[in-house]
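Novice: Model the structure of this input:
(chains A, B, C and D)
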Number of protein chains: 2
Amino acid sequence: MSLRHALLGLLSEDPASGYDLLKLFENSLANVWPATQSQLYGELGRLADAGLITVRSEGARGRKEYAVTDAGREELRHWLLDVPPVPIRRYDMLLRVFFFGQISADDAIAYLREQQQAAAAEGERLAELGKMIAPHQDNFTVYGRLALEWGLRSSRLHQEWAEWAIGEVKAHDPAANTDPCEPG
Amino acid sequence: MSLRHALLGLLSEDPASGYDLLKLFENSLANVWPATQSQLYGELGRLADAGLITVRSEGARGRKEYAVTDAGREELRHWLLDVPPVPIRRYDMLLRVFFFGQISADDAIAYLREQQQAAAAEGERLAELGKMIAPHQDNFTVYGRLALEWGLRSSRLHQEWAEWAIGEVKAHDPAANTDPCEPG
DNA sequence: CTTCGACATGTCACTACTGGAATGTCAGAG
DNA sequence: CTCTGACATTCCAGTAGTGACATGTCGAAG
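Specialist: Numbers count the residues shown, from 1 in each chain, chains lettered A, B, ... in the order given. Down below sits the predicted model:
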């Protein structure tokens, strides 16, 4: 139920509509907790039903501006301080590695190279994102940078690991010949 | 739908029953793709319906030993070679970081320290796991070690990042006093 | 005045995953 | 002979997440 708290957290900084929140999400929270539009609106409804947020005003085009209530703020604090975060470890990418025995060493290496490149691209994307966001502004941005740094380090880890893993696969099957520098 | 392929992959090495697979999962795939018992049995049924696996024999206590079919092996290869892995990025732990503005710097630092310790513990667990599994044996074990190394590096990343983040939080709020070495 | 794009919300069917309960078998220890 | 624990499967209700579709408003450009 983290989306619930993500919304509560965003609304704690500033009141906003579902549409606003969707936009805010895009280059911040979506990087650590993606959500679709339908999920977001649904959760806002449930949050309002539970009294954790309220419709502070209704604007043009059916716009509903939500604001967090005292109960909501309390719930957010409780989540931040008392609820241990659940480590989510589902790595499609690593799952495949277990089954490298089913494909050739060359195919395995090609796979790892693709992963390395994907990680590099992700690193670039995050670096770009870092340049885009203003120097500091609000709390949200300041602390978001901590998460961004995590992403940058993670991207580096992926690249280095892939490099290492390619070496391992080659060591395990010396016949593999994807390196153009070493002719047979 | 990765569980489907995880099962196909396991059965590609050796035929097994649902119960066997559940055990196999525990200290291997569960680290990169957890699954509950109900999910596993359900998926086996669907896999059999789809003709990707078959019941090769029925033993005592209703035991059904499944084996992968040619279609199943083909599906596994296809998944490994042609389907790009979906990066899953849902980090409850990082989500909370965005909302550090809602709690005190001391609380934020305490949170980061807990994360650091959790990562250290996870590292230990994986190191233990590495000692437990036999030197090499089958393909599955050999390549599983690549995933294990990823876990070890990831654990180190978490620890180092947490250390760094604590420094950042302190720099942002110099009043924070959780470091016993620097008296006020 | 029309059309287009941004604003804005809601709903639906589907899949994946969680957690728990129910049911039963078989081998070995006492 | 009985009990326990490992073996073994099935079902179910509930939640979270996905992707697509439906609906409608408003301002500005042409």
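Novice: only C-alpha atoms for contact and neighbour calcs from this point on.
Specialist: Fine.
Novice: So the longest helix along chain A, near chain B or not?
Specialist: In terms of residue count, the longest helix belonging to chain A (DSSP state H) is helix A:139-172. Yes. Using CA under 8 Å from any CA of the partner chain, helix A:139-172 reaches chain B at A:139-141, A:143-144, A:146-147, A:150, A:153-154, A:157, A:161, A:165.
Novice: Only whichever of these are buried, select them in ChimeraX.
Specialist: Entered in ChimeraX, the line below selects the buried ones among the residues of helix A:139-172 next to chain B, by 16 or more other CA atoms under 10 Å in any protein chain shown:
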select /A:140,141,143,144,146,147,150,153,154,157,161,165
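Novice: Just flag the most distant two among the residues of helix A:139-172 next to chain B.
Specialist: Pairwise distances across these (CA to CA) peak at 39.1 Å, for the pair A:139 and A:165.
Novice: still on that earlier bit, helices or strands up against the longest helix of chain A?
Specialist: helix A:105-132, helix B:92-97, helix B:139-172 (3 or more CA pairs under 8 Å, 6 or more residues apart in numbering or on different chains; DSSP states H and E).
Novice: quick check: angle from it to helix A:105-132?
Specialist: Interaxial angle, helix A:139-172 versus helix A:105-132 (axes from the mean of the first three to the mean of the last three CA atoms, to 10 degrees): 160 degrees.
Novice: rewinding a little: which of the helices and strands packed on helix A:139-172 sits most buried?
Specialist: With neighbours taken as mean count of other CA atoms under 10 Å in any protein chain shown, the helices and strands packed on helix A:139-172 reach their highest mean count in helix B:92-97, at a mean of 22.
Novice: Any residue of it touching DNA strand C?
Specialist: No. Helix B:92-97 lies out of reach of DNA strand C by CA under 7 Å from any atom of the strand, never closer than 13.7 Å.
Novice: So what touches that helix?
Specialist: A:2, A:6, A:29, A:32-33, A:80, A:85-88, A:143-144, A:146-147 (CA atoms under 8 Å, 6 or more residues apart in numbering or on different chains).
Novice: make it 7 Å
Specialist: A:2, A:29, A:32, A:33, A:80, A:85, A:86, A:87, A:143, A:144, A:147 (CA atoms under 7 Å, 6 or more residues apart in numbering or on different chains).
Novice: Looking at those, which has the smallest pLDDT value?
Specialist: Across those, the bottom pLDDT score, 90, is held by residue A:87.
Novice: wait, what's in contact with that one?
Specialist: Residue A:87 neighbours (CA under 7 Å, 6+ apart): residue B:92.
Novice: Mind checking the pLDDT average for stretch A:42-59?
Specialist: Mean pLDDT, computed over stretch A:42-59, is 95.
Novice: pLDDT check: weakest of the residues of helix A:139-172 next to chain B?
Specialist: For the residues of helix A:139-172 next to chain B, the pLDDT minimum is residue A:139, 84.
Novice: Surely that residue touches residue B:101?
Specialist: Yes. The pair residue A:139 and residue B:101 passes the contact test of CA atoms under 7 Å, sitting 5.4 Å apart.
Novice: Looking at per-residue confidence, what score does the closest residue to residue A:119 other than its chain neighbours get?
Specialist: Take residue A:119 and drop its neighbours on the chain: the residue closest to it by CA to CA, 6 or more residues apart in numbering or on different chains is residue A:155, 5.1 Å away. Residue A:155 carries a pLDDT value of 97.
Novice: and if you look at residue A:88?
Specialist: So, for residue A:88, pLDDT stands at 84.
Novice: how about it, what does it touch?
Specialist: B:90, B:91.
Novice: Would you tell me what helix or strand it is located in?
Specialist: Using DSSP states H and E, residue A:88 maps to neither a helix nor a strand.
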